[in-house]
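Q: heads up, no residue letters with this:
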């Protein structure tokens, strides 16, 4: 199997486990033409069959501390670590078709922890074929509500965008969604492109597309969307400072708050701004 060596860290960049993990996943995915229809490796121990939907829901309910409510949905009070453990086990037990069916049913249940588990079932870099997983994520996007479930789904979406950056064209439709959580999700799904220190042509194009989204959403009426824009820009400042400076130089229409966030992320908000820079005077 061909191996793609990991890229060295960008000079001067602080250690970032998430960035290193994304880079390693991208390199491994690019270096393999195999299909990954199961999460576990072939020589792993036999973990038994995966649960059906009713069994999975019963397991979640049994692990909860009682009836709650999160973001207007029923919640069971299951600790996050237990949801992670269950999702890992179910991924390892299931074939890809079984996993997709389970994820679809868990999300459709409308139970907070079940929706988290559904997203985690699809959060895997090396997933081939992945068209079914991508279709599920696209179907979930209009229903995003609250940070926990939407962020979990965006983590899965980010892996699928790294696998095929051309999917950014489909995510662009989220920018016009009436649901602010869906608009916000467009940037969070594209966040891996801000975290990569070294990009190929497709990743670089995706980053530019996401920067255009940042400019467009920077004046969104919902503050949650604006905060996502600022987070995206601050993340890029850590991994693509020169590119961000060049982008700022071409955008004279950005809100002052976003420009300040970008300059702070670049370390230029403490009096050390280059007064000759075209973006520093706006």
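A: Now that the structure is in, tell me what you want to look at. Predicted model only: the values in this text are computed from it and were never measured.

Q: all contacts plus neighbour counts: C-alpha atoms, from now on.
A: Noted.

Q: mind listing what residue 108 touches?
A: Contacts here follow C-alpha atoms under 8 Å, 6 or more residues apart in numbering; on that basis residue 108 touches residue 115.

Q: buried set for stretch 160-170?
A: 160-163, 165, 168 (16 or more other C-alpha atoms under 10 Å).

Q: Please narrow these to those residing in strands.
A: The members of the buried residues of stretch 160-170 all map outside strands under DSSP state E.

Q: In these, find the pair that's most separated.
A: Maximum pairwise distance among the buried residues of stretch 160-170 (C-alpha to C-alpha): 11.1 Å, between 163 and 168.

Q: Could you report the separation of residue 131 from residue 99?
A: 13 Å (C-alpha to C-alpha, to the nearest Å).

Q: So which of those two has more stuff around it?
A: Shown here are residue 131 and residue 99; by other C-alpha atoms under 10 Å, residue 99 has more neighbours (26 against 10).

Q: I'd guessed the more buried one sits against residue 91; true?
A: Yes: in this structure, residue 99 is within contact of residue 91 by C-alpha atoms under 8 Å, at 6.5 Å.

Q: which neighbours do the two share?
A: With C-alpha under 8 Å, 6+ apart as the test, residue 99 and residue 91 both reach residue 121.

Q: returning to what we had before: out of the buried residues of stretch 160-170, the closest to residue 76 would be?
A: residue 160 (29.0 Å).

Q: residues in contact with that closest one?
A: 125, 130, 134.

Q: Going by neighbour count, which of the residues you listed comes out on top?
A: residue 125 (22 neighbours).

Q: element containing it?
A: Using DSSP states H and E, residue 125 sits within no helix or strand.

Q: Chain neighbours aside, what residue packs nearest to it?
A: residue 159 (5.2 Å; C-alpha to C-alpha, 6 or more residues apart in numbering).

Q: Show me which of the contacts of residue 160 is closest to residue 116.
A: Looking across the contacts of residue 160 and measuring by C-alpha to C-alpha, the closest to residue 116 is residue 134, at 16.2 Å.

Q: Identify each buried residue in the strand or helix carrying residue 107, please.
A: Residue 107 is part of helix 96-108, with elements assigned from DSSP H and E. Neighbour-count burial for helix 96-108, counted by 16+ other C-alpha under 10 Å, picks out 96, 98-107.
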